[in-house]
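Peer 1: Here is a sequence together with a model predicted from it:
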Amino acid sequence: MKILTGNDLGTGDVIWWAGDGWTRQVSESVDVGDRGDELARAEEAALRVVAPYVIDATVTDEGVRPAHIKDRIRALGPTVRPDLTLKPNDADAGNWVI
């Protein structure tokens, strides 16, 4: 599975392509298949996302999970201030990074 991620232009938040727009919840992201790079260019040109890129992901019972630890950490938020992390739909998401 391939998903698209980047940062929100206005807030800097990590965002994920949900098929019909962007979301802050990685679990709501959708497979972009082989059109991810094309979609990334179009969304960046429309000024809806900054620095979008395609990543590998897997689907679990809780939803979509980035395959690489870097993007798992991005999905949750800062590791140095747990009080500032995103509260994902998956209550066990904190275990992703281990």
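Peer 2: Nice, I can see it. Residues are numbered from 1 along each chain as shown.
Peer 1: now stretch 17-36, how far from the centre of its chain.
Peer 2: Between the centre of stretch 17-36 and the centre of its chain there are 8 Å (Cα atoms, centre = their mean, to the nearest Å).
Peer 1: Same question for it: list its buried residues.
Peer 2: Neighbour counts over stretch 17-36 (16 or more other Cβ atoms under 10 Å) mark 17-18, 22, 24-30, 32, 36 as buried. No exception for glycine: its C-beta is placed from N, CA and C like everyone else's.
Peer 1: What about those residues, which are in strands?
Peer 2: Using DSSP state E, the subset of the buried residues of stretch 17-36 located in strands is 17, 22.
Peer 1: could I get the buried residues of stretch 17-36 as JSON lines with distance to Ile69?
Peer 2: What follows is those, written out as JSON lines (distance: Cβ to Cβ, whole Å):
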{"residue": "Trp17", "distance to Ile69": "20"}
{"residue": "Ala18", "distance to Ile69": "23"}
{"residue": "Trp22", "distance to Ile69": "22"}
{"residue": "Arg24", "distance to Ile69": "19"}
{"residue": "Gln25", "distance to Ile69": "19"}
{"residue": "Val26", "distance to Ile69": "13"}
{"residue": "Ser27", "distance to Ile69": "17"}
{"residue": "Glu28", "distance to Ile69": "21"}
{"residue": "Ser29", "distance to Ile69": "17"}
{"residue": "Val30", "distance to Ile69": "22"}
{"residue": "Val32", "distance to Ile69": "21"}
{"residue": "Gly36", "distance to Ile69": "20"}
